[in-house]
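Q: model this:
(one chain, ligands or ions: 1)
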Amino acid sequence: MRMSAQEVLERPSVNTLDRLRQVGFSERIIDRFFRPFLGGIFLDSSLNIASTRMEFVFREMGLGTASLPEAGIQALPESLCRDWKPNVLQLRATVAERIEGGVKLSDGQEVRGRYVVIATEASGAKRLLGERLEIADKPTWNATTCLYFSMDRSASPTREPILFLNGNLAASKTPIVPAVANEFSINHVAFPSLVQPAYAPHGQVLASVNINGIVETQGHELVQQVRNELERWFGWTVSTWRHLRTYSVPCAFTSPRQAMLPPETQGLYTFGEGLFACGDYTMTASIEGAMQSGLLAANAILHRKRDIA
Ligand SMILES: Cc1cc2nc3c(=O)[nH]c(=O)nc-3n(C[C@H](O)[C@H](O)[C@H](O)COP(=O)(O)OP(=O)(O)OC[C@H]3O[C@@H](n4cnc5c(N)ncnc54)[C@H](O)[C@@H]3O)c2cc1C
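A: This is a model prediction of the structure:
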């Protein structure tokens with residue numbers, strides 16, 4: 001916490017597992033705490049993550065508190081564009097290609113502007129910018145599977161806003177480098193409505209059950225397998241939990257094994273001719289990284305506007 005975020009990220013980096021051993025953590029706490037905890041953040045419990053990224057996460061958590069917006073995460077983009085004039089924002093439109101001084105949408109419509117900011121995820125930016133964006137052609141991704149359940153308050157194993165971690169991952173058959181797997185273990189269980197009461201009707205509790213990777217088993221069979229494991233965690237009351245939805249997110253996190261951008265380009269890519277690229281992949285894979293990178297793009301444009309004026 002004594003260093004700036006940039007200083008932390010620029011420190012010499014080793015593998016997180018090696019760093020934890022180096023500083024003296026026992027195998028026991030690594031397996032029982034760090035694997036599921038960091039594994040839940042980076043979606044990879046092998047801890048094959050650059051140690052600087054792990055230290056960055058600890059720095060951020062030491063400096064601030066984690067929170068969940070009352071209206072859901074969509075509240076963030078909505079608050080950003082709340083004061084915009086009508087018709088400034090065009091939703092459900094895909095940029096098919098860049099053209100001179102603008103972009104062409106997939107329906108053929110051309111949109112021109114003095115400045116163009118490509119604010120997509122890494123793979124989308126690579127598609128639109130090609131060779132000009134010096135990142136891997138096909139960024140690799142870590143995946144996650146998340147199941148939501150609701151329950152009566154009396155069936156909740158806790159009333160506290162705490163995270164339940166799987167301390168037995170190392171002993172389980174879970175492939176610790178996430179991939180499509182037919183054998184899996186739950187990585188962690190959270191009860192988001194105990195943090196943000198707006199996430200469940202009065203008297204009920206929302207559970208989110210998280211597995212690293214994409215699970216081959218799907219549908220009812222997956223729900224049943226997850227219930228069986230949850231019963232070993234929390235007991236028979238799990239049979240009263242109601243399954244709401246299952247989400248598989250194959251492109252959830254740009255793999256930590258893949259080099260991020262060199263430090264001198266961190267935060268923003270500028271290409272001249274009023275063309276910029278920003279997004280979490282240019283900084284850190286987080287909402288904060290995405291927002292900071294967007295701010296850098298906005299500021300760069302404002303400065304240029306001032307120069308022109
Ligand atoms: C399951 C999950 C949980 C997460 N939890 C957290 C968390 O608790 N805290 C946290 O800080 N971060 C979290 N993150 C990470 C966070 O969501 C991302 O870091 C952040 O959303 C990245 O923002 P971005 O604007 O860079 O990219 P994105 O949010 O990926 O936005 C890029 C957008 O560009 C659009 N796009 C792509 N190509 C085109 C095109 N050709 N034309 C038009 N549009 C296009 C995409 O559809 C997408 O909407 C989580 C991510 C996942 C998947």
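Q: What segments of the chain are helices?
A: Using DSSP state H, the helices of the chain run over 5-10, 16-22, 27-29, 35-42, 51-63, 75-80, 122-129, 219-234, 287-308.
Q: highest average neighbour count across these?
A: Burial of the helices of the chain is given as mean neighbour count (mean count of other C-beta atoms under 10 Å); helix 35-42 ranks first at a mean of 22. C-betas here are computed from N, CA, C, even on glycine.
Q: Now render the helices of the chain as CSV, adding distance to the ligand and mean pLDDT.
A: As requested, these are exported to CSV (distance: least, C-beta to the nearest ligand atom, whole Å; pLDDT from 0 to 100):
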stretch, distance to the ligand, mean pLDDT
helix 5-10, 13, 82
helix 16-22, 18, 94
helix 27-29, 23, 95
helix 35-42, 8, 93
helix 51-63, 9, 90
helix 75-80, 9, 93
helix 122-129, 3, 89
helix 219-234, 17, 95
helix 287-308, 3, 85
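Q: Tabulate those (CSV), appending distance to residue 138.
A: Output for the helices of the chain, formatted as CSV (distance: least, C-beta to C-beta, whole Å):
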stretch, distance to residue 138
helix 5-10, 24
helix 16-22, 24
helix 27-29, 35
helix 35-42, 19
helix 51-63, 21
helix 75-80, 27
helix 122-129, 7
helix 219-234, 28
helix 287-308, 21
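Q: so which of those helices gets nearest residue 188?
A: helix 35-42 (4.7 Å; C-beta to C-beta).
Q: right, and residue 60 touches residue 288 too?
A: Yes: contact criterion C-beta atoms under 8 Å: residue 60 and residue 288 qualify, at 7.1 Å.
Q: Close to the ligand: what parts of the stretch 51-200 of the chain are there?
A: Residues of the stretch 51-200 of the chain found near the ligand (C-beta under 6 Å from any ligand atom) are 94, 95, 119, 120, 121, 124, 144.
Q: Of all the helices of the chain, which one is nearest residue 269?
A: Closest to residue 269 of those is helix 122-129 (C-beta to C-beta; 8.0 Å).
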